[in-house]
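Trainee: Mind looking at a prediction? Sequence and model below.
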Amino acid sequence: MASGESQQAQQNWRYCGVQVKLWREEARVSRQALAEEAGYDYEYVKSMECGRRRPTLRLLQVADQMCGARGKLVAAHEFLKPERFLSYAEDYVRYESEAISLGSYQPLHIPGLLQTEETVRALLNAYLPPLDDETIEERVAGRLERQALLDRRTRAFSFVIGEAALRNPVGGPEPHRRQLLRLVEAGEARNVTIQALPFVGAGPGVDGPFVLLETAEHELLVYEEGHETGRLYADPDKVSAIVQRHAMILRQALSPEESARFISKLAEEL
């Protein structure tokens, strides 16, 4: 569910989009003319005017000039900052920042807390539907800032990463080599454990990614994320199932020392 902040952001989008439309219609500027001048297609401008997309600074600047708004439309940009995190992940990010321990399993992606900036940018640039430049910059900054959590030495972090993620050269061979070396380096910290899960056939690892969080009150939470949804829950039965899967995955994974050698070897092969 979107947080109150996300709902407010979407309301701001809609209000700003309506203002663009009202100014445009009063100035007798067609949507097509605005789209062509701004370098967007008609449907993209329509989606911004209807509040389905965040109005971009480029659109506001062009609309302001074409409609004679004298800065009134451009002024709205300050209230339209893109979200740093997907709305359904915001609750998770808050719990993540306060957790005393975190256990992550990712079969297909390098975990966000361990991604290099090159990896972050490659993933965001490939996101569909495409993101505008400002949103990409905000989300890059948000993801990199989250990584400061690893410096809190009194908090424990455990990452199991699937072989598919370790072999997939996101961003190209050289950026991926740097990503792999980043994993080896991060695993040297006393509060960070990184393990590789080789291809093992059938097992709990094929059921998808998850994160186990332990709060300061020693409550266990599970976060699972799909393409367009994220679930954070504390139901004892569901949490127990994930704890059991996590335990089996840890048993099947290489030891931290073996994992460091395995990842280093993959980096050398690039």
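Mentor: Noted; the coordinates are in hand.
Trainee: Show me where the stretch 101-250 of the chain has its helices.
Mentor: 117-125, 133-146, 163-167, 173-186, 236-252 (DSSP state H, counting those that start in this stretch).
Trainee: Can you tell me which of these has the worst average pLDDT?
Mentor: Note on the helices of the stretch 101-250 of the chain: lowest mean pLDDT is at helix 133-146, with a mean of 90.
Trainee: That one packs against which elements?
Mentor: Applying 3 or more C-beta pairs under 8 Å, 6 or more residues apart in numbering; DSSP states H and E, we find helix 133-146 packed against helix 90-98, helix 117-125. For the C-beta atoms, the positions are set from N, CA and C on the backbone; glycine is no exception.
Trainee: among the helices of the stretch 101-250 of the chain, which is nearest Arg152?
Mentor: helix 133-146 (11.8 Å; C-beta to C-beta).
Trainee: Name all residues that make contact with Pro55.
Mentor: For Pro55, the contact set (C-beta atoms under 8 Å, 6 or more residues apart in numbering) comprises Trp13, Cys16, Gly17, Val20, Met48, Glu49, Ala76, Leu80.
Trainee: ok so, going back, could I get the helices of the stretch 101-250 of the chain in CSV, plus columns for mean neighbour count and distance to Tyr223?
Mentor: Shown next, in CSV, are the helices of the stretch 101-250 of the chain (neighbours: other C-beta atoms under 10 Å; distance: least, C-beta to C-beta, whole Å):
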stretch, mean neighbour count, distance to Tyr223
helix 117-125, 18, 18
helix 133-146, 16, 14
helix 163-167, 16, 18
helix 173-186, 18, 20
helix 236-252, 14, 10
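Trainee: any chance of those helices in CSV, plus distance to Leu213?
Mentor: Listed next are the helices of the stretch 101-250 of the chain as CSV, based on distance: least, C-beta to C-beta, whole Å:
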stretch, distance to Leu213
helix 117-125, 22
helix 133-146, 14
helix 163-167, 21
helix 173-186, 19
helix 236-252, 10
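Trainee: And those helices: which comes nearest Tyr42?
Mentor: Tyr42 lies closest to helix 133-146 among these, at 20.7 Å (C-beta to C-beta).
Trainee: Give the residue spans of the chain that score low on pLDDT.
Mentor: Scanning the chain for pLDDT under 70 picks out 1-8, 81-88.
Trainee: ok, longest helix in it?
Mentor: Using DSSP state H, we find that the single longest helix of the chain is helix 4-26.
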